[in-house]
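Asks: here is my input, please return the structure:
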Amino acid sequence: MTNSDPFVIVVGFDGSKQSHGALEWAIEESRYRDAELRVVTVWNKAPMSWYPALLETAAGEIVAEESPEQQAEALSAAAAAAAAAAGVNVVTRTVHHDSAASAILGAAREADLVVIGSRGHGGFAGMHIGSVSTHVVGHSPCPVLVVRPKAAGASS
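Replies: Predicted structure coming up:
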């Protein structure tokens, strides 16, 4: 990084509670550092492994569930809107990839800091850190900040 290069923060965002915390932290750090924020959202369903569920709305309409790609794009857009509303220079990247950790590590090659939640949607609820977070921490080429939820009863 030269003096003219912006500080780059990468945040992994999957819509989970923990990734919302990571996004909030990354937005504040981006504002503080006048950094570029790169939001990475990953979806990994094979095209033929997903079939849309038909859902009935309260009004009696039948609608098809969004595809994993549409869901990822919507998450990415929501994250970008939150960052833009805070006045942060944001770039989003929605990746169809086999591994969320690999996509985040790929983005980390051009970053100064990676911010991730301690866990995402999957895995075992009792674990303090998920497999993606563990993999990113162990293999990132730059510093990683893992955002954990506040303990019950902790003050702000």
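Asks: quick one: contacts for residue 106?
Replies: residue 95 (C-beta atoms under 8 Å, 6 or more residues apart in numbering). Every residue, glycine included, has its C-beta placed from N, CA and C.
Asks: lowest-confidence helix or strand of the protein?
Replies: Of all helical and strand segments in the chain, the minimum by mean pLDDT, DSSP states H and E falls on strand 54-56, at a mean of 62.
Asks: ok, and what's touching the helix or strand containing residue 133?
Replies: Following DSSP states H and E, one finds residue 133 within helix 131-139. Under the criterion C-beta under 8 Å, 6+ apart, residues 12, 99-101, 104-105, 108, 114, 116-120, 123, 129, 144, 146 lie in contact with helix 131-139.
Asks: given the helix or strand just after it, what are its sheet partners and their directions?
Replies: Next in sequence after helix 131-139, counting helices and strands by DSSP H and E, comes strand 144-147. Note on strand 144-147: by DSSP bridges, its sheet partners are strand 113-117 (parallel).
Asks: how far does the strand it pairs with sit from the chain's center?
Replies: Mean C-alpha position of strand 113-117 versus that of the full chain (C-alpha atoms, centre = their mean, to the nearest Å) differs by 9 Å.
Asks: other residues contacting that strand?
Replies: If you take C-beta under 8 Å, 6+ apart as the criterion, strand 113-117 is touched by 7-12, 16-23, 25-26, 29, 104, 107-108, 132-133, 136, 140, 142-148.
Asks: what comes up buried for that strand?
Replies: Buried residues in strand 113-117, counted by 16 or more other C-beta atoms under 10 Å: 113, 114, 115, 116, 117.
Asks: dump those residues into JSON lines; add distance to residue 90 and pLDDT as well.
Replies: Converted to JSON lines, the buried residues of strand 113-117 look like this (distance: C-beta to C-beta, whole Å; pLDDT from 0 to 100):
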{"residue": "113", "distance to residue 90": "15", "pLDDT": "97"}
{"residue": "114", "distance to residue 90": "15", "pLDDT": "97"}
{"residue": "115", "distance to residue 90": "13", "pLDDT": "97"}
{"residue": "116", "distance to residue 90": "17", "pLDDT": "95"}
{"residue": "117", "distance to residue 90": "18", "pLDDT": "92"}
